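Peer 1: Got a predicted model here, sequence first, then my questions.
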Amino acid sequence: MVLRRPRQPMRPRQSAIPLLIALIFVVGAMIYLSRMSYLPQPAKMSIAPSERAGPADIYPIAAITPGATNPAITQANIDETICNPHWSTKSIRPPEEYTYRLKREQIGEYHDSDTRAADYEEDHLIPLELGGNPRDPKNLWPEPYSASIADGGAKYKDKVEAYLHSEVCSSAMPLAEAQRRIATDWYRVYATSVR
């Protein structure tokens, strides 16, 4: 005699739609996270302040102003952005009300003895023409017009910015390298390549 198993009643088929939605969500999250790792990250100090070419008063305090890049400007699009003669930093520059308020706050944070706002330029550590973040306070600092050395003020850093912009746009230097150099020791670039 052959014993047969009793037939199991058929269960209603569970819909595969929730499983499919969950799978799409997981794949989308993985793609998003993998792309996030390719976004430019804020420039980080790669040398100790004691190893810099200039005196401490010509640099921002790294803990307050380490530099930050603009994720909208990359090596891949410099011909359409910073190296395009029709592109202007005016299109992304924050309003003066924002930078003036930030300058006043940061002069206090920097504990500068000179508290006259007119003696400082609220400067982008990584300049806009090198893909610096326009509004991030980590990329803005009250840079003094005068410093302990004659060529250490804001006007001399501007020369470094122009030099590095030219290097990037002539393909002599990658954008990320120019950003790193100006954020870590702009005066070294001035002393070795601009002066």
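Peer 2: All right, it came through fine. As the structure is a prediction and not an experimental result, all values here were calculated from the model.

Peer 1: which stretches of this protein have low pLDDT?
Peer 2: 1-16, 19-20, 22-23, 25-49 (pLDDT under 70).

Peer 1: What segments of it are strands?
Peer 2: Taking DSSP state E, the strands of the chain run over residues 120-124, 140-144.

Peer 1: Now do the last one against strand 120-124, angle only.
Peer 2: Looking back up the chat, that one is strand 140-144. Using axes from the mean of the first three to the mean of the last three C-alpha atoms, to 10 degrees, the interaxial angle of strand 140-144 with respect to strand 120-124 works out to 140 degrees.

Peer 1: Wait, P127 touches E161, no?
Peer 2: Yes: the pair P127 and E161 passes the contact test of C-beta atoms under 8 Å, sitting 4.4 Å apart. Any C-beta I mention is one placed from the backbone N, CA and C, and that applies to glycine too.

Peer 1: Overlap of the contact sets of these two?
Peer 2: Between them, P127 and E161 share the neighbouring residues I182, with contact defined by C-beta atoms under 8 Å, 6 or more residues apart in numbering.

Peer 1: contacting residues around stretch 136-143?
Peer 2: Outside stretch 136-143, the residues that touch it by C-beta under 8 Å, 6+ apart are 42, 60-61, 64-69, 99, 102-103, 106-107, 110, 112, 117, 120-126, 132-133, 153-154, 157.

Peer 1: coming back round to it: between the strands of the chain, which one is nearest to R181?
Peer 2: Taking C-beta to C-beta as the criterion, R181 comes closest to strand 120-124 out of the strands of the chain, the separation being 14.6 Å.

Peer 1: Quickly note the distance from the residue nearest in space to the middle of the chain to R180.
Peer 2: Compute the mean C-alpha point of the chain, and by C-alpha atoms, centre = their mean the closest residue is T69, 1.5 Å away. Here T69 is placed at a distance of 10 Å from R180 (C-beta to C-beta, to the nearest Å).

Peer 1: now do L128
Peer 2: From L128 over to R180 (counting by C-beta to C-beta), the distance is 17 Å.

Peer 1: which of these two has more neighbours?
Peer 2: L128 (23 against 18; other C-beta atoms under 10 Å).

Peer 1: Quick check: K157 touching W186?
Peer 2: Yes: when contacts are counted by C-beta under 8 Å, K157 is listed as touching W186 (5.3 Å).

Peer 1: Looking at the two, which is more packed in?
Peer 2: Taking other C-beta under 10 Å, K157 and W186 do not tie; W186 has more neighbours (28 against 25).

Peer 1: Just give me the neighbour total for P174.
Peer 2: Applying other C-beta under 10 Å, we find 13 other residues in the vicinity of P174.

Peer 1: for E97, that is, sorry about that
Peer 2: Burial of E97, expressed as a neighbour count using other C-beta under 10 Å, amounts to 8.

Peer 1: Repeat that for Y145.
Peer 2: Applying other C-beta under 10 Å, we find 11 residues neighbouring Y145.

Peer 1: Surely it and A154 touch.
Peer 2: Yes: when contacts are counted by C-beta under 8 Å, Y145 is listed as touching A154 (5.3 Å).
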